[in-house]
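A.B. asks: what shape does this take:
(one chain, ligands or ions: 4)
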Amino acid sequence: LELESALHKAIERDELVLHYQPKVDVRAARMVGAEALMRWQRGGTLVPPGEFIPLAEETGLIIPLSEWAIREAARQAKAWAVSFGFADSIAVNLPNRLFERSDLVEHIHQSVGTYGVPHRSIQLEITETGLMKDLQNVIPALHRLNEIGVEISIDDFGTGYSSLAYLTTLPISELKIDRSFVRDLGITPQSSAVVTAIIALARSLGLRVIAEGVENLRQMEVLHRLGCGVMQGFLFSRPIPPNDIEKWLQQTV
Ligand code: G
Ligand code: G
Ligand code: MN
Ligand code: NA
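C.D. replies: Residues are numbered from 1 along each chain as shown. Ligands and ions are numbered 1, 2, ... in the order given. Below you'll find the predicted structure:
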């Protein structure tokens, strides 16, 4: 309860920060976007997301927290655009609870408008499980987001039993291969079979594909050979504070 009320005040006290993890085009050795991950600077200590995200989800605080994250990502995209010519997108994780809000799309539209960045500067990641759990609320919102130019990436793809028939009807732009398949690449034939299938699916639906959780060269090489050239993971960078992203940004101009 103490943590809950502290988290409640964290937004107004300016204690939340976003760290960023690059999405890397391996062949070009270039950052092609970044994923924003929330951190809570409470007093002098950084509270790990594993400790406050689940609490935020239970209490509903995840809604204002995520709305803050979208605004902050839009602000950051603008700052990087001005300083570095950043023209890619920042991805924000969007938990299902956000879709309970009927004004979600309007809120995103306003956040982006406040900073005068194009709508495609913000990308939203929704998990495959979340997507399939709440199709009734999610689908209309995805269509409206697509209309205003905000792209959707399906996070943890391959773990959530999507109906492939449904997938073809959804306005999504990217599949993000779940790290559980990436982990075993080059070790178990099943993992490369799944990854091969996801890449083929993405191709035939005209979607981009990215692999998450890439931690070593073996995984990177197998992914590249299988036709996935955009990756994210500790091999390239952990999620890092905004200032530390600048060395990646300088390479993009
Ligand atoms: O950033 P990573 O280091 O450790 O985060 C741990 C967990 O917290 C992950 O499951 C991650 O998805 C979640 N998380 C981190 N930042 C955010 C965020 O901004 N929004 C949501 N919904 N989850 C986040
Ligand atoms: O899928 P999700 O959005 O929850 O992913 C974000 C989480 O993944 C964060 O906790 C982040 O720190 C973590 N993460 C990012 N890259 C790697 C990686 O290469 N290996 C592992 N184990 N975790 C990673
Ligand atoms: Mn994610
Ligand atoms: Na993920």
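
A.B. asks: against which helices or strands is the strand or helix carrying residue 66 packed?
C.D. replies: Assigned by DSSP states H and E, residue 66 falls within helix 62-84. For helix 62-84, the packing partners by 3 or more CB pairs under 8 Å, 6 or more residues apart in numbering; DSSP states H and E come out as strand 16-25, strand 30-42, helix 49-59, strand 89-93, helix 104-115, strand 122-127, helix 246-252. Using the backbone N, CA and C atoms, a C-beta is placed for each residue, glycine as well.

A.B. asks: model confidence over it, on average?
C.D. replies: Here helix 62-84 scores 96 as its mean pLDDT.

A.B. asks: CA atoms only for that helix, dumped as CSV, please.
C.D. replies: Taking Å, rounded to 0.1, in the frame of the first residue of the first chain, the C-alpha atoms of helix 62-84 are listed here in CSV:
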residue,chain,number,x,y,z
ILE,A,62,-0.7,1.6,-15.4
ILE,A,63,-3.2,3.8,-17.3
PRO,A,64,-1.8,7.2,-16.2
LEU,A,65,1.8,5.8,-16.2
SER,A,66,1.4,4.6,-19.8
GLU,A,67,-0.1,7.9,-20.8
TRP,A,68,2.8,9.7,-19.3
ALA,A,69,5.2,7.3,-21.2
ILE,A,70,3.5,8.2,-24.5
ARG,A,71,3.8,11.9,-23.8
GLU,A,72,7.4,11.6,-22.7
ALA,A,73,8.3,9.5,-25.8
ALA,A,74,6.7,12.1,-28.0
ARG,A,75,8.7,14.8,-26.2
GLN,A,76,11.9,12.8,-26.6
ALA,A,77,11.3,12.1,-30.3
LYS,A,78,11.0,15.8,-30.9
ALA,A,79,14.2,16.6,-29.0
TRP,A,80,16.1,13.9,-30.9
ALA,A,81,14.6,15.1,-34.2
VAL,A,82,15.8,18.7,-33.5
SER,A,83,19.3,17.7,-32.3
PHE,A,84,20.1,14.6,-34.4
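
A.B. asks: can you give me the angle that helix makes with helix 49-59?
C.D. replies: 130 degrees (axes from the mean of the first three to the mean of the last three CA atoms, to 10 degrees).

A.B. asks: please work out how many residues are found near the residue in the stretch 1-150 of the chain that ligand 2 sits nearest to.
C.D. replies: The minimum distance from the stretch 1-150 of the chain to ligand 2, using CB to the nearest ligand atom, falls at residue 93 (5.0 Å). Neighbour count for residue 93, taken as other CB atoms under 10 Å: 21.

A.B. asks: surely it and residue 155 touch.
C.D. replies: Yes: Residue 93 is within contact range of residue 155, at 6.9 Å (criterion: CB atoms under 8 Å).

A.B. asks: give me the common contacts of these two.
C.D. replies: 125, 126 (CB atoms under 8 Å, 6 or more residues apart in numbering).
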